[in-house]
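Asks: Sequence first, predicted coordinates after that:
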Amino acid sequence: MTPVRPFIVIVSVWAAAAQAAPLVLLFPAVGQPDKVVLSGRVLKHAPTGGSSTASKNLRWLTSSNWEGAKVEVRFAGRTATATSGHDGNFEVTLTPGDGRHFEPGLSTAEAHVDDAETGIATVDIISPQAPFFVVSDFDDTLAVTNVAKGGALSAGLFKDASTQPVVEGMAGFYGCLRADKPARPVFALVSGSPVQYVGRITQFLARHGFPVFGLYLRDFGPKTISGYKQPLIRALLGTLTQPAVLVGDSGEKDPEVYAEIRDEFPERIKAIYIREAGGPQDAKRFEGMLHFTHPREAALDAVAKGLADAACVQAAFAAEPK
């Protein structure tokens, strides 16, 4: 009986999903005072129920997409419409118009489809005076996944926002990148995690005290086996005018991806931080980057570069062993 159990689980997931109402996923985003790009996905059936973490995750991963849904997106008094594509995805660009601007800081946006649950997400507008913005990876940078040791599948299916371990010290590092600045940076998470996990990742970040992030996740398919991060980071650099700080890990291809971006935008990259998480140890991978073991090392380097506040770092890591 063992070989057919996964099939039975997936069939039961589909059967349960058929009873649920449609759902709009609107992805948290970062933007400029003069422009915000908002995207999301429309699901035919909102995943519900599930007796285990694995079954709940499978419900999200196997949810069917709604093609041709008419989506209305609202933000800061502005409205735009779109039609979801074959993958359920939609994207709109909103501008304030009439010589106005979107107010820097956190706000919320909504995406509405008739007969579906409305999607709500945060939008973080960066101030023109902000010194930089942060692009971060997720797996093995903020959350312990052990991708280099084959742990991605296990974490993806059997963990959730409350059970996946956090990389200790990273929230403190990010908090100090944000703290004590007249105009604070915004944070964008560019990750290989599936777009269906947007709620799970948002909950994880809030649970562990990270700043609010815009989420730019992977849309699984043959075109995203590799090379999916570079277009997202290029788009962010095109939307935001500030320089960027890039943070990732050594377990997969972050050093290579970030080196490619640095070569393309040499004047826009202020620093690159790579957490040790396995993978090839060739020193050439980390040229011009800080390859760190503990987030305290990255935080101290950020202080030296004028990116983080020294008092904040001292307080954040006061209890850490030297």
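Replies: Done, it's in. Please read all numbers here as calculations on a predicted model, not as lab measurements.
Asks: What's the local residue count around the nearest residue to K35 once chain neighbours are set aside?
Replies: Spatial nearest neighbour of K35, chain neighbours left out: T95 (5.4 Å); criterion: Cβ to Cβ, 6 or more residues apart in numbering. From N, CA and C alone the C-beta is placed, and that goes for glycine too. T95 has 15 neighbouring residues, counting by other Cβ atoms under 10 Å.
Asks: Quick check: T95 touching R78?
Replies: Yes: with contact defined as Cβ atoms under 8 Å, T95 reaches R78; the gap is 7.3 Å.
Asks: So which residues of this structure form helices?
Replies: Under the criterion DSSP state H, helices of the chain are mapped to 5-17, 53-61, 152-158, 170-178, 198-207, 229-239, 254-264, 295-304, 310-316.
Asks: Poorly predicted segments of the stretch 1-150 of the chain, please.
Replies: 1-19 (pLDDT under 70).
Asks: Can you name the residues in contact with stretch 190-204?
Replies: With Cβ atoms under 8 Å, 6 or more residues apart in numbering as the test, stretch 190-204 has contacts from 25, 27-28, 41, 60-61, 63, 89, 135-139, 142-143, 156, 160-162, 164, 166, 189, 213, 215-220, 228-229, 232-233, 236, 252.
Asks: I'd like to know which of those are buried.
Replies: When the contacts of stretch 190-204 are checked for burial by 16 or more other Cβ atoms under 10 Å, the buried set is 25, 27-28, 41, 60-61, 63, 89, 135-139, 142-143, 156, 160-161, 164, 166, 189, 213, 215-218, 220, 228-229, 232-233, 236, 252.
Asks: Serialize the helices of the chain to CSV and add fields for distance to V245.
Replies: Shown next, in CSV, are the helices of the chain (distance: least, Cβ to Cβ, whole Å):
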stretch, distance to V245
helix 5-17, 39
helix 53-61, 31
helix 152-158, 25
helix 170-178, 7
helix 198-207, 17
helix 229-239, 12
helix 254-264, 10
helix 295-304, 8
helix 310-316, 15
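Asks: that older thread, what's the separation between the residue nearest to K35 and F75?
Replies: 10 Å (Cβ to Cβ, to the nearest Å).
Asks: Identify the contacts common to the two.
Replies: Taking Cβ under 8 Å, 6+ apart as the contact rule, T95 and F75 both touch V36.
Asks: got a list of what R74 touches?
Replies: So R74 contacts 109-112 (Cβ under 8 Å, 6+ apart).
Asks: what bridges to it?
Replies: T79, E110 (DSSP bridges).
Asks: what's the answer for V134, then?
Replies: Assigned bridge partners for V134, using DSSP bridges, are F187, V245.
Asks: Surely it and V247 touch.
Replies: Yes: with contacts counted by Cβ under 8 Å, V134 reaches V247, the gap being 6.5 Å.
Asks: And these two? Which one has more around it.
Replies: More crowded of V134 and V247, by other Cβ under 10 Å: V247, with 29 against 23.
Asks: ok, the more buried one - contacts?
Replies: Taking Cβ under 8 Å, 6+ apart, one finds 134-137, 141, 272-275, 298 in contact with V247.
Asks: right, and out of these, which lies closest to A308?
Replies: A298 (8.9 Å; Cβ to Cβ).
Asks: burial measure for that closest one, as a count.
Replies: 28.
Asks: now swap in the one 4 residues further on and tell me
Replies: With neighbours defined by other Cβ under 10 Å, the count for A302 comes to 25.
Asks: so it touches C176, yeah?
Replies: Yes: the criterion here is Cβ under 8 Å, and A302 meets it with C176 at 7.0 Å.
Asks: Mutual contacts of these two, please.
Replies: With Cβ under 8 Å, 6+ apart as the test, A302 and C176 both reach 308, 313.
Asks: Just give me the neighbour total for R59.
Replies: Counted with other Cβ under 10 Å, R59 comes out at 24.
Asks: and it, how far is that from G50?
Replies: R59 is 6 Å from G50, by Cβ to Cβ.
Asks: ditto for D282
Replies: Counting by Cβ to Cβ, the gap from D282 to G50 is 43 Å.
Asks: out of the two, which sits in the busier spot?
Replies: Taking other Cβ under 10 Å, D282 and G50 do not tie; G50 has more neighbours (17 against 9).
Asks: Residue ranges in the stretch 201-322 of the chain under the pLDDT threshold?
Replies: 221-226, 320-322.
Asks: Swap in 90 and give it another go.
Replies: Along the stretch 201-322 of the chain, the parts satisfying pLDDT under 90 run over 219-227, 319-322.
Asks: Test my guess that E110 contacts E117.
Replies: No: in this structure E110 lies outside contact range of E117 using Cβ under 8 Å: 11.1 Å.
Asks: The contacts of V247 into TSV, with extra columns for distance to F265?
Replies: As requested, the contacts of V247 are exported to TSV (distance: Cβ to Cβ, whole Å):
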residue	distance to F265
V134	15
V135	11
S136	17
D137	18
T141	20
I272	12
Y273	17
I274	18
R275	22
A298	21
